[in-house]
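Colleague: how would this look folded up:
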Amino acid sequence: MFWARFRSAVKDLALALLNATLILIALCLWLAWSLASKVDDITDQMLPNLVEMQPIRDDIGNLKEQLGAVRADLAVIARQGDELASETVDRLSEKVSAIEDRVAEVRSRIDLVVDSPEIVIDYAIDAAFDRAEEAAVAIRSCTPSPSGSLDATQPQ
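Modeller: Below is the predicted model of the structure:
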């Protein structure tokens with residue numbers, strides 16, 4: 001009689017363990033599916049933005065050409081002018097050089113984003129993971145989000 005109850009108790013414990021394991025697996029699968037759909041949504045939102053970068057790249061190219069034309073005009077003025085005009089042209093040339101350097105830096109960053117969209121997508125995925133981690137910590141510690149909102153997925 002004792003062994004029958006013992007076997008029954010062990011059997012019930014094993015079934016409870018199996019049930020809990022299956023529930024945890026289902027929960028993990030649901031969370032993974034939810035995260036994958038968020039990543040897909042972020043990717044879908046990012047790709048049109050990358051396509052919109054091409055006109056910006058073209059505008060920067062045009063700006064660089066215009067700066068080159070201004071530099072040529074300054075060179076012509078420097079050849080024609082006196083000492084005061086020469087000093088002014090030198091200052092303006094330095095400013096144009098600084099602007100050209102800045103335009104080159106911006107263009108290289110835009111080229112990096114357009115040529116390697118995975119960098120932006122990786123950043124977006126990392127941001128999504130960070131938000132999910134913050135939400136999980138808030139749920140685990142039962143504290144409201146800092147914004148006072150009930151929705152932990154909203155940007156803060």
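Colleague: now the host helix or strand of N62, how far from the chain's geometric center?
Modeller: Taking DSSP states H and E as the definition, N62 sits inside helix 53-80. The chain centre lies 32 Å from the centre of helix 53-80; the measure is Cα atoms, centre = their mean, to the nearest Å.
Colleague: where does the chain have low pLDDT?
Modeller: 47, 49-54, 81-85, 142-156 (pLDDT under 70).
Colleague: let's go with 50 and repeat that
Modeller: Low-confidence segments of the chain (pLDDT under 50): 152-156.
Colleague: in it, which helix has the most residues?
Modeller: Criterion DSSP state H: the longest helix present in the chain is helix 2-51.
Colleague: Which other helices and strands does it contact?
Modeller: Applying 3 or more Cβ pairs under 8 Å, 6 or more residues apart in numbering; DSSP states H and E, one finds that helix 2-51 contacts helix 117-141. Every C-beta, even on glycine, is put in place using the N, C-alpha and C of the backbone.
Colleague: Give me the angle between the helix it packs on and helix 53-80.
Modeller: On the basis of axes from the mean of the first three to the mean of the last three Cα atoms, to 10 degrees, helix 117-141 is oriented at 120 degrees to helix 53-80.
Colleague: Counting neighbours, which bits of helix 117-141 end up buried?
Modeller: Neighbour counts over helix 117-141 (16 or more other Cβ atoms under 10 Å) mark P117, V120, I121, A124, I125, A128, R131, A132 as buried.
Colleague: Closest to E105 out of these?
Modeller: Set against E105, the nearest of those by Cβ to Cβ is V120 (17.9 Å).
Colleague: you'd agree that closest one is up against T43?
Modeller: No: between V120 and T43 there is no contact under Cβ atoms under 8 Å: 9.7 Å.
Colleague: how many other residues sit next to L29?
Modeller: The tally of other residues near L29 (other Cβ atoms under 10 Å) stands at 10.
Colleague: Cheers, nothing more for now.
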